[in-house]
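>>> curious how this folds, go ahead:
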Amino acid sequence: MKPIKFCDTTLRDGEQAAGVVFSPEEKREIVRGLAKAGVEQAEIGIPAMGEEERAVIRSIVEMGLPIQLSAWNRALKEDIDASLLTGVNWVHLTIPTSDLQIKAKLHMNRQEIVSMIRRAVSYAQKFNLGVSVGFEDASRAYTPFLAELVLSLYSDGIRRFRYADTVSVLQPVTVREKIRSILGECPEDVELEVHCHNDFGMATANTLSALEAGALWASTTVTGIGERAGNASMEEVALAWKHLYGGRTGLDTIQFKELAELVSAAAGRPLPPAKPIVGTMVFTHESGIHVDGMLKNRETYQSFDPVEVGAEHRFVLGKHSGWKTVAHILRQKGVRPERELSDELMREVRLEADRNKRLIEPDELMKLLDGVRSTRTVPDLQDEE
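Numbering: from 1, shown residues only. Prediction:
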C-alpha cells in the first residue's frame, strides 16, 4: 500500500472559518510547523485577494522550506497572474462541477466549464507552473462527467485532481463508490485528492473511505479548522490511517500536539479538551476501573501510545476514581498508601468532587488525607513504601 500524502489547507480553507485571521508571522510559523511535520504540500493563500495577501505568500516562499507551496485560484487568467507575482511554482485551479453550481454561479453548461478550465490550465502551463485542478461541489456533480473531465485534462498533461465535498453531503459508502467509479475510468498515474467538510461530523470518515478507495492525497487542516463546521483533521486522518487501516504516511506525528496548539492560539479558538488526538483530556483517565487496568498494562485502555503525538497519559482524581488511582497519586507525592484509610479517604474524595464539580489536584488530596488522619490514630504515612 502506497503512503498517502497530505495537502494542508489551514492557511486557505482554515482561515476562511468565520472570524479567523492569521497574522503574517503566524502564517510563517504554521508553515514552518507543517514542514517540520513532513507535510508534502501546503495551500498557503489566495493571491487574487490583494497585494497584502501576495506579500505574505511571497515571504513564505522566500523561507525556502522543504514543503511544496501552492496558491489557490479560480480558473481565471487574472487569478493565475496574481499567483505568478508571489513566486509560487504550483497553482491549484478550481472550477464548479455540479449542475447546480455551474448554472447558479457561472450561468454556463458542462461543455463551457470544460473549455473554461482547459483554457486556464493551458495559460498556467505557459509559465511552467505545477497545476492541480479542483472539482468544486464534486459530491453533487454527475460522476461520469467528472471522469470525462479528468480524461480531458489528462490529455492536457494534468495528473492531480481534487474531489471536493464542498457542502458535506457524502457519507463513507457513497464516497467510496464515487471515488472508485472515477478512478476506474482513469489512467493509473492519476492522483486524486479528497477534500471533505464536516457539517455532519463525517469529514475524517469520508476522507479515510476515499483513501481506501484509491485516492492518494488527503486535503486536511490542522485540528480540522475551516469553513462552517470545518474540514477533515490532519491528525485524525493520519493516525486513523495508520492504526485502523494499516496504512502509511510520511508525517512526523510527534509534532501534532505542538502544531495543533499553534494553530489554535493563532485562530483564537481554544482546543476542546476532548479533541481527538490532540485534546488535553484525550489521554487523561479518571475512572477507577480504567486506571487500575492501565497501571497493570497500558494497552488495556489505549489504542495507541500517546508518545506518537507528543503527549502522555495522565491519571486524575475525581468522582469516579478508585483506590488504585488514589494510591498511585500518593506514591507520586512520596506518601505510602494505607489501605485501612481507603474507605474514609475515598468518601472525602467523592464528596469534594461533588461539591466543586471538578477534578481534585494532588495537593488537595494531601489536605483530604490530613483531614482523615486527624480523626484517627494512624501510623506515620510519610515512611517510604
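
>>> all helices for the stretch 101-250 of the chain, in order.
Taking DSSP state H, counting those that start in this stretch, the helices of the stretch 101-250 of the chain run over residues 110-125, 143-154, 172-183, 203-212, 234-243.

>>> those helices: which one's closest to residue 356?
With respect to residue 356, and counting by CB to CB, the nearest of those is helix 234-243 at 32.0 Å. Yep, even glycine has a C-beta here, placed from its N, CA and C like the rest.

>>> where are the low-confidence patches of the stretch 1-150 of the chain?
1 (pLDDT under 70).

>>> mind running it again at 80?
Along the stretch 1-150 of the chain, segments meeting pLDDT under 80 span 1-2.

>>> need the residue closest to the centroid of this structure.
Central residue of the chain (CA atoms, centre = their mean): residue 233, 2.0 Å from the mean position.

>>> measure that residue to residue 112 for me?
36 Å (CB to CB, to the nearest Å).

>>> and residue 276, by the same measure?
43 Å.

>>> just to revisit the earlier point, adding distance to residue 340, write the helices of the stretch 101-250 of the chain out as JSON lines.
As requested, these are arranged in JSON lines below (distance: least, CB to CB, whole Å):
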{"stretch": "helix 110-125", "distance to residue 340": "78"}
{"stretch": "helix 143-154", "distance to residue 340": "70"}
{"stretch": "helix 172-183", "distance to residue 340": "54"}
{"stretch": "helix 203-212", "distance to residue 340": "49"}
{"stretch": "helix 234-243", "distance to residue 340": "43"}
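
>>> walk me through the domains of the protein.
The chain breaks down into these domains under automatic domain parsing: 5-267, 284-374.

>>> how long is the shortest one end to end?
In other words, domain 284-374. In domain 284-374, first residue to last residue: 31 Å (CA to CA, to the nearest Å).

>>> stretch 73-90 now?
Start-to-end, stretch 73-90 (CA to CA) is 11 Å.

>>> stretch 252-271 too?
End-to-end for stretch 252-271, by CA to CA: 21 Å.

>>> returning to that earlier point: deepest of the helices of the stretch 101-250 of the chain, which one?
helix 203-212 (a mean of 25; mean count of other CB atoms under 10 Å).

>>> output it as PDB, restricted to C-alpha atoms.
What follows is helix 203-212 as a C-alpha-only set of coordinates in PDB (Å, rounded to 0.1, in the frame of the first residue of the first chain):
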ATOM      1  CA  ALA A 203     -15.100  14.600   7.300                       C
ATOM      2  CA  THR A 204     -12.500  12.300   8.700                       C
ATOM      3  CA  ALA A 205     -14.500   9.100   8.000                       C
ATOM      4  CA  ASN A 206     -15.300  10.300   4.400                       C
ATOM      5  CA  THR A 207     -11.600  11.100   3.800                       C
ATOM      6  CA  LEU A 208     -10.500   7.700   5.000                       C
ATOM      7  CA  SER A 209     -13.100   6.000   2.900                       C
ATOM      8  CA  ALA A 210     -11.900   7.900  -0.200                       C
ATOM      9  CA  LEU A 211      -8.300   7.000   0.500                       C
ATOM     10  CA  GLU A 212      -9.300   3.300   0.900                       C
END
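
>>> could you tell me the angle between that helix and helix 172-183?
Angle, helix 203-212 to helix 172-183, by axes from the mean of the first three to the mean of the last three CA atoms, to 10 degrees: 40 degrees.

>>> by contact count, what packs against helix 203-212?
strand 160-165, helix 172-183, strand 191-196, strand 217-220, helix 234-243 (3 or more CB pairs under 8 Å, 6 or more residues apart in numbering; DSSP states H and E).

>>> got those as CSV, with distance to residue 76 columns?
Converted to CSV, the helices and strands packed on helix 203-212 look like this (distance: least, CB to CB, whole Å):
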stretch, distance to residue 76
strand 160-165, 17
helix 172-183, 25
strand 191-196, 20
strand 217-220, 21
helix 234-243, 29
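
>>> so which of the ones you listed is nearest residue 348?
Across these, closest to residue 348 is helix 234-243 (CB to CB), at 38.7 Å.

>>> thanks a lot, see you next time.
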